[in-house]
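Participant: What follows is a predicted protein model with its sequence.
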Amino acid sequence: MKIVIAGAGEVGTHLAKMLSRENHDIVVIEEDREKVQNIEKLYDLIAVQGICTAIQDLKEAGAKDADLFIGVTPIESRNITSCILAHKLGAKKTVARINNYEYLLEENQKFFNDLGIDALIYPELLAAKEITSSIKMNWVRQWMEFSNGALTLIGMKIRANAPILNQKLMDLKNSEFYRVVAIRRNSETIIPKGSDEIKANDIVYFITTKDYIPDVRMQAGKEVIQVKDLMIVGGGNITMKTIESMPDNVDVKVLERDKLKVTNLMEKTDSAMILNVDASDLDVLRDENIAEMDAFVALTDNSEANILACIAAKRFGLKKTIAEIENVDYIQLAESLDIGTVINKKLLAASYIYQYTLDADVHNVKCLTHVDAEVVELTPKEGSPITKGRIMDVKLPNDLFIGGVVRNGVGFIANGQTQIQTGDDVIVFCLSSCFHKLDGLFN
């Protein structure tokens, strides 16, 4: 596939990293010479110095021959314009990063499709949905539903008191109703076999059906926290979207030191208490009754500040903390400090965009924050290799694992005897380096 990426910022660079592992013809167009040089040194691709809204530069980057054109510069208008131009030049499919929720409204989708833009990505909205999900299901690190909840993915850190510890996965109670699909141990990602065991402090991803979520929670030794009072530090776009999506029974208090952001939030919402204070001051946190909160979310523009804020919240006794950490190198540090849930909007955006690079019928792609793996929901095409025998008879790569299947709206856990059928929704887990293998199995 010929892919042109406009923008070598955080989202574009991470997307280029993911795609460069596979057999794609990738060109990145970027105005900043230093970024052009850096990305060419790091990844197997071509980088062109140019302006993504200049027709001649787009031609030189090969936009007219692109199977997929992706506009992910920090400037929304550039992304939209570059996608329109690329479409007119001949690009088969275009995706634009935006920061305006209005563009995502259903009545505006046809408008953008008519302009030649096939999909719009709003990273801040993706991040807000992650936060809201984490607050609702506050005993988990990561939560994802498939086919309207027919199957659920749950990521948790396993403590020393968990009943599930030190047992072979094949011997776990009720294991036919849930499956361990990925394990992060120290810095290693494990796609587990039945003979593997879970150890204390592992981050473990389960897939299960709705009825067995309580069983998984008990096996992991987790307690449910009733979140009624939530404190958010930072007043940007993610905070606004989080407030809008939070359940009515949760009282939200926002601390922001920038007066302009405070004014902006106050104009847009009356469902949260907005305070113009400096949350880096522990006395301020104490005065605002942080110890009486049920959960804490750090959403400033500074990853280091968010980590420190969550550490402070933990010291005040809060069990549930969430940090936006945009520096990928800090994610493992946050995990070692037991921060809790980590939100990285560029990983979310890159994973969302990634599905457009696959030929298979993909419904959802998501990066698992704490492990070097992705989860993909897709439907096999008629006659595809995956439908020609039981899973145990199909030669699956070692770094790929089928966790569950949704058939006619009903989810069930997959095993070696499962026969996948055309029309099934299949949940696949794979290491980041094996994404390209899906097309060969499901097409």
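Facilitator: Done, it's in. Numbering: from 1, shown residues only.
Participant: count of neighbours near Ile51?
Facilitator: Applying other CB atoms under 10 Å, we find 16 other residues in the vicinity of Ile51. Backbone N, C-alpha and C define where each C-beta goes, glycine included.
Participant: Can you give me the pLDDT of Asp359?
Facilitator: pLDDT, Asp359: 60.
Participant: pLDDT of stretch 35-54, averaged?
Facilitator: 93.
Participant: what's the first-to-last distance across it?
Facilitator: 18 Å (CA to CA, to the nearest Å).
Participant: just stretch 41-60 next, same as before
Facilitator: This stretch, stretch 41-60, spans 20 Å end to end (CA to CA).
Participant: Skipping adjacent residues, who's closest to Tyr311 in space?
Facilitator: Rather than Tyr, residue 311 is Ile. Leu337 (6.3 Å; CB to CB, 6 or more residues apart in numbering).
Participant: Check Lys88 too.
Facilitator: Among residues not flanking Lys88 along the chain, Gly116 sits closest, at 6.6 Å (CB to CB, 6+ apart).
Participant: likewise Ile339?
Facilitator: Per CB to CB, 6+ apart, closest to Ile339 is Cys310, 4.7 Å.
Participant: Partner strands of the helix-or-strand element of the chain with minimal mean pLDDT, with direction?
Facilitator: Lowest by mean pLDDT, DSSP states H and E among the helices and strands of the chain is strand 361-368, with a mean of 71. Applying DSSP bridges, strand 361-368 is found paired with strand 373-379 (antiparallel).
Participant: shaky segments in the stretch 301-443 of the chain?
Facilitator: For the stretch 301-443 of the chain, the stretches flagged by pLDDT under 70 are 358-361, 369-370, 432-436.
Participant: And the helices in it, which stretches?
Facilitator: In the stretch 301-443 of the chain, the helices defined using DSSP state H, counting those that start in this stretch lie at 303-315, 331-336, 345-354, 437-442.
Participant: residues of the last one that come out buried?
Facilitator: Of all the residues in helix 437-442, those buried under the rule 16 or more other CB atoms under 10 Å are 437-439, 441-442.
Participant: Closest to Lys93 out of the residues you listed?
Facilitator: Asp439 (15.9 Å; CB to CB).
Participant: That closest one and Ser77: what is the separation?
Facilitator: To Ser77, Asp439 is 34 Å away according to CB to CB, to the nearest Å.
Participant: domains in this protein, as residue ranges please.
Facilitator: Listed by automatic domain parsing, the domain ranges of the chain are 2-121, 140-219, 229-318, 349-442.
Participant: Rebuild these as CSV, extending it with distance to Val342.
Facilitator: Formatted as CSV, the domains of the chain follow (distance: least, CB to CB, whole Å):
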stretch, distance to Val342
domain 2-121, 15
domain 140-219, 8
domain 229-318, 9
domain 349-442, 5
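Participant: Identify the spatial nearest neighbour of the residue most central in space within the chain, chain neighbours not counted.
Facilitator: By CA atoms, centre = their mean, the chain has its centre lying nearest to Leu348, at 3.3 Å. Counting by CB to CB, 6+ apart, Leu126 is the residue found nearest to Leu348 once chain neighbours are left out, at 4.2 Å.
Participant: Tell me which helix or strand Arg286 sits in.
Facilitator: For Arg286, the host element (DSSP states H and E) is helix 282-287.
Participant: If you count contacts, what does that helix end up packed against?
Facilitator: If contacts are counted by 3 or more CB pairs under 8 Å, 6 or more residues apart in numbering; DSSP states H and E, helix 282-287 sits against helix 303-315.
Participant: Please repeat the previous calculation with a cut-off of 10 Å.
Facilitator: For helix 282-287, the packing partners by 3 or more CB pairs under 10 Å, 6 or more residues apart in numbering; DSSP states H and E come out as strand 229-233, helix 303-315.
Participant: any chance of those in TSV, plus mean neighbour count?
Facilitator: Supplementary listing: these in TSV, determined by neighbours: other CB atoms under 10 Å:
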stretch	mean neighbour count
strand 229-233	25
helix 303-315	20
